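# fold the following for me, if possible:
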Amino acid sequence: LRSLIKEGLEAPVLVLSGGVSAGKRDLVPGVLEEQGVKGIFHKVRVKPGKPVFFGLLERNDRPSTLVFGLPGNPVASLVCFELFVRPAIRRLMGHQSPKPEMIQATLTHDHQYRTDRPTYHPALIRGEEVEMIPWLGSPDLRAMSKANALAVLESGEHQLKAGHRLSVLPHC
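Numbering: from 1, shown residues only. Predicted coordinates:
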């Protein structure tokens, strides 16, 4: 892990997946620190994707390396890529508006949920309508295979009715 991270730190952007949470085998933040990466943030209030890491390796002789440690669960990794990595890359490419581009869509069916933090839920956009995909959480890649977007759900307990307008993040 050390040698691969050291090699990756030669690039302008390093993206890692897995090993950033709080388990015994989640070694990435420690190895990054050993390599001189300054942690900017580690853990955010988003679901899925809480354990995401972002840091910088600053050098005097060349531009800094942006370092992203994405969660290992596939949906969490995708969400964090869309929210953090893609905008950073777009900014480096000179885009004037690098932030994720949300759209508004109308919910096709009633949807009941409870969550402790803002949640990016797999969804299917058709025209100006959005349908929530049944989803079992961050390891549920099967749900993402049926989705073409992520619906943004506010924290709390909600019973959304068909016709409710939601912010949605379309993706490839």
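# between the two ends of stretch 91-109, how far is it?
By CA to CA, to the nearest Å, the extent of stretch 91-109 from end to end equals 37 Å.
# can you check stretch 49-69 too?
10 Å.
# starting at the chain centroid, how far to it?
Distance of stretch 49-69 from its chain centroid, counting by CA atoms, centre = their mean, to the nearest Å, is 16 Å.
# I'd like the average pLDDT over that stretch.
Stretch 49-69 carries an average pLDDT of 96.
# what comes up buried for that stretch?
For stretch 49-69, a neighbour-count test (16 or more other CB atoms under 10 Å) marks 49-55, 57, 65-69 as buried. C-beta here means a position set from N, CA and C on the backbone, and glycine is covered the same way.
# would you check how far apart I89 and L83 are?
12 Å (CB to CB, to the nearest Å).
# try V67
16 Å.
# how about G49?
7 Å.
# give me the common contacts of the two.
Y120 (CB atoms under 8 Å, 6 or more residues apart in numbering).
# OK, contacts around L166?
Counting by CB under 8 Å, 6+ apart, L166 makes contact with Q104, A105, T106, L107, A123, V130, A151, V152, L153, L160.
# you'd agree the first one is in a strand?
So the one you mean is Q104. Yes. Checked against DSSP: H, G, I helix; E, B strand; the rest coil, Q104 lies within a strand.
# from what I can see it touches P170, true?
No. In this structure, Q104 is not within contact of P170 by CB atoms under 8 Å, at 11.4 Å.
# looking at these two, which has the bigger crowd around it?
P170 (16 against 10; other CB atoms under 10 Å).
# mind listing the helices for the chain?
Counting by DSSP state H, the chain has helices at residues 2-8, 28-34, 74-80, 86-92, 141-145.
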